[in-house]
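[1] need a 3D model of the following:
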Amino acid sequence: MLGYLSTFNDPIIILCVILLAAILLDLIIGDPCWIPHPVVQMGKLISFLETRWNRGQRRMRKGIILTVTVILSIFCISFSIVFFAYQLHPVAGVLVEIYLISTTIAIKGLRTAAKNVLTPLVQGNLVEARKNVSMVVGRDTKSLPESEVVRGTVETVAENTVDGITAPLFWAIIGGAPLAMVYRAINTLDSMVGYKNERFMQFGWASAKLDDVANWIPARVTALSMWIASFFIRGSRMKHGVKITWRDARKHPSPNSGWSEAMVAGLLGIQLGGVNYYSGVKSIRATMGDPLRKLVRSDIEKSILYMHGGWIVFFVMGVCFLFLFR
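    A predicted model of the protein is given here:
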């Protein structure tokens with residue numbers, strides 16, 4: 001990717017500017033519905049292939065073919081778009097990369113989703129808060145008490161800080177827009193076919209495993225980044241955050257999601273995980289953190305602070321990495 005920037009004096013600086021501009025673009029406009037979003041097109045491609053291939057025998061092999069096909073398609077398309085944009089003019093290439101990378105991150109979207117739950121809670125409208133949290137979690141929410149609405153929101157912010165912000169930034173740092181788009185394709189594959197049920201157990205195996213691999217480093221670095229950021233967030237239980245993360249991160253069903261969730265739980269002094277209901281069926285997930293106190297609505301605001309602090313530290317560390325190994 002840095003080869004695209006050879007016309008500039010310092011391609012590392014230009015890449016850093018591209019990343020920063022992509023972040024700012026997401027913070028300003030997010031994902032407006034009037035602009036066609038690449039992830040929507042990825043979803044259509046995955047759905048089209050899944051309905052035709054996820055049948056009959058050898059579903060695991062077909063699932064591997066699906067994963068390879070989607071990833072190669074997204075890489076070739078995004079690489080070609082970026083390449084020809086740079087051939088047209090270096091500035092055009094930079095602008096295209098900024099836009100494409102901005103579509104892979106969701107800082108504004110994640111903050112907005114959390115605020116949409118917090119605002120009605122502050123206003124005393126628990127019914128509206130339950131409705132809004134149901135848009136970001138898969139569990140039943142109609143009868144949740146306020147503390148459980150808060151828990152679902154905090155878990156969502158903590159977990160999605162990785163796959164919605166830091167992981168795409170990680171792959172963009174390594175390979176610019178094409179690898180950021182490939183990561184988003186992997187994540188979209190996992191969210192659509194990576195379920196452990198009868199329909200997708202075999203077909204979605206490759207997608208789920210690849211998503212685990214793609215998130216392995218970002219998840220752990222994000223937990224560290226949140227901890228570093230907690231130096232600047234009042235009331236953070238820093239020692240407790242390290243203890244809980246080391247003790248509980250591996251309890252999560254996902255090999256990666258537990259790292260940021262456990263860190264947030266430890267820093268806040270709360271307990272995440274526990275009992276959820278899905279279509280009326282009880283599901284017990286391992287708990288993370290110690291219940292030093294009850295969850296309160298202000299924990300949503302704190303989780304947003306850890307999200308922001310986490311990605312900022314992560315970005316700074318990524319820039320330092322680029323200059324260290326230039």
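[2] going by C-alpha atoms from here, please, whenever you check contacts or count neighbours.
    Fine.
[3] quick one: the strands in the stretch 151-300 of the chain?
    Taking DSSP state E, counting those that start in this stretch, the strands of the stretch 151-300 of the chain run over residues 272-278, 281-288.
[4] mind listing what's buried along the longest one?
    So the one you mean is strand 281-288. Across strand 281-288, burial judged by 16 or more other Cα atoms under 10 Å covers 287, 288.
[5] now swap in the first one and tell me
    By 16+ other Cα under 10 Å, the buried positions in strand 272-278 come out as 272, 273, 276.
[6] and which of these is nearest residue 251?
    residue 273 (9.9 Å; Cα to Cα).
[7] quick one on the thing from earlier: nearest to residue 304, of the strands of the stretch 151-300 of the chain?
    Nearest to residue 304, of the strands of the stretch 151-300 of the chain and by Cα to Cα, is strand 272-278 at 15.7 Å.
[8] contacts only, for the residue lying closest to residue 96 once chain neighbours are set aside.
    Computed as Cα to Cα, 6 or more residues apart in numbering, the closest residue to residue 96 that is not its neighbour in sequence is residue 82, at 6.4 Å. For residue 82, the contacting residues are 93, 96, 97, 177, 178, by Cα atoms under 8 Å, 6 or more residues apart in numbering.
[9] so the third one is in which element?
    In this case it means residue 97. helix 90-104 (DSSP states H and E).
[10] got the buried residues for the helix or strand that that helix is followed by?
    For helix 90-104, the following helix or strand on the C-terminal side (DSSP H and E) is helix 107-122. By 16+ other Cα under 10 Å, the buried positions in helix 107-122 come out as 107-111, 113-118, 120-121.
[11] now the helices: where do they sit in the stretch 1-150 of the chain?
    Taking DSSP state H, counting those that start in this stretch, the helices of the stretch 1-150 of the chain run over residues 11-29, 38-53, 59-88, 90-104, 107-122, 126-133, 146-161.
[12] by contact count, what packs against the first one?
    Helices and strands touching helix 11-29, as assessed by 3 or more Cα pairs under 8 Å, 6 or more residues apart in numbering; DSSP states H and E, comprise helix 90-104, helix 107-122, helix 167-193, helix 298-324.
[13] pick the most deeply packed of those.
    helix 167-193 (a mean of 24; mean count of other Cα atoms under 10 Å).
[14] rounded mean pLDDT for that one, please.
    The average pLDDT within helix 167-193 is 96.
[15] just checking, what packs against it?
    helix 11-29, helix 38-53, helix 59-88, helix 90-104, helix 205-229, helix 298-324.
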